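1. quick one: sequence and predicted model below, then my questions.
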Amino acid sequence: MKPSPHCLLQATRAVLSHENPLGLPKTGSIPRFQRGLPQKRKIKDVAKVIAVSSAKGGVGKSTVAANLSLAFARQGFRSGILDTDIFGPSIPTLFNLNEEPLLSANNQLVPLTNYGVKTMSIGYLVGEEAPLVWRGPMLLKAVQQLLHDVDWGGAGGLDILVLDLPPGTGDTQLSIAQQIVLDGSVIVTTPHTLAVKDAVKGINMFRKVDVPILGLVQNMSVFRCPHCHGATAVFGSSEGVRKVCEEHDMAFLGDVPLHPNIGEDGSRGKPTVVAEPASERAKVFMDIARAVGEKIGLVH
């Protein structure tokens, strides 16, 4: 027997009048299962580990992460970078590396090195144009292997490892934050309102999993015309970013300008810190690296 139109209308009204049909909270984190969380452990042969994150894609997070790892190397530290973005790895392009890594005597992946920085990425293990259509378990298994099956110990190991996280606040980010002892996280955003709103989600995620937030980097902030030398805030004022830092009691680490050379340097596999080491743009990355190093106690 079919329900009457009146009954259907009443049921529809009940659903529509519900504050949230899925029962999800409007504030705080979405509930998740707490069973079986692994104990955090350090990455072997690595002294310090920082995560570079953005909850919004397309804000230049990988470019910032690459230049930070290179800045640490220029400052005399044994530096490395681990690309944990399984579906969109950027490190092979940014470091101009594409050969398949060798296996060490203990059956671990040997990092590829360029510009004095050790690197590892899933991009070295699959074809450049091959899509990875993996579900959650395969994704998390790959992340776990990248975290624990890479031999960083050559030449005395690493003083610092930079993790280039994928955008968002999903399985990969939570898995890393729950498995690895992180010395801190760096949040990257642009001044755009949407990017700033998502950056706050990233801030809250790291605080939920007890990862120290080292500060926020504002990328692509101001464009300076090479002809008239006028400054234009293409993505809006930086007031929103600085306000977020004040409201969340976190440091403003640096302001990376919007400059075509930064993107071009990365596209040709030679990031700004090594392509234009004397430029103001490289100096910004060097200053951010020094500020981060001081916060995590990175010393020679």
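-> Looks like it came in fine. Residues are numbered from 1 along each chain as shown.

2. which one is the residue sitting nearest the centre point of the chain nearest to, not counting chain neighbours?
-> With distances taken as Cα atoms, centre = their mean, the residue of the chain nearest its centroid is Ser53 (2.7 Å). Using Cβ to Cβ, 6 or more residues apart in numbering and skipping the chain neighbours, the partner closest in space to Ser53 is Leu165 (4.5 Å). Placement of C-beta: from N, CA and C, glycine included.

3. tell me the confidence at the one you found?
-> On the pLDDT scale, Leu165 is placed at 95.

4. now the residue nearest to the centre of the chain. Its backbone dihedrals?
-> With angles defined as degrees, to the nearest 10, Ser53 sits at phi -140, psi 160.

5. low-confidence ranges in the chain?
-> Applying pLDDT under 70 to the chain flags residues 1-38, 127-136.

6. the residue nearest to the centre of the chain: what's it in contact with?
-> Counting by Cβ atoms under 8 Å, 6 or more residues apart in numbering, Ser53 makes contact with 61, 165, 173, 185-188, 202, 206.

7. and the helix or strand hosting Ile288, how far out from the chain's middle?
-> Applying DSSP states H and E as the criterion places Ile288 in helix 280-296. Average the C-alpha atoms of helix 280-296, do the same for its chain, and the two points are 16 Å apart (Cα atoms, centre = their mean, to the nearest Å).

8. so which bits of that helix are buried?
-> Neighbour counts over helix 280-296 (16 or more other Cβ atoms under 10 Å) mark 281-286, 288-293, 295-296 as buried.

9. turn those residues into JSON lines, including distance to Ala233.
-> Formatted as JSON lines, the buried residues of helix 280-296 follow (distance: Cβ to Cβ, whole Å):
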{"residue": "Arg281", "distance to Ala233": "17"}
{"residue": "Ala282", "distance to Ala233": "22"}
{"residue": "Lys283", "distance to Ala233": "21"}
{"residue": "Val284", "distance to Ala233": "16"}
{"residue": "Phe285", "distance to Ala233": "20"}
{"residue": "Met286", "distance to Ala233": "24"}
{"residue": "Ile288", "distance to Ala233": "20"}
{"residue": "Ala289", "distance to Ala233": "25"}
{"residue": "Arg290", "distance to Ala233": "26"}
{"residue": "Ala291", "distance to Ala233": "23"}
{"residue": "Val292", "distance to Ala233": "25"}
{"residue": "Gly293", "distance to Ala233": "29"}
{"residue": "Lys295", "distance to Ala233": "28"}
{"residue": "Ile296", "distance to Ala233": "31"}
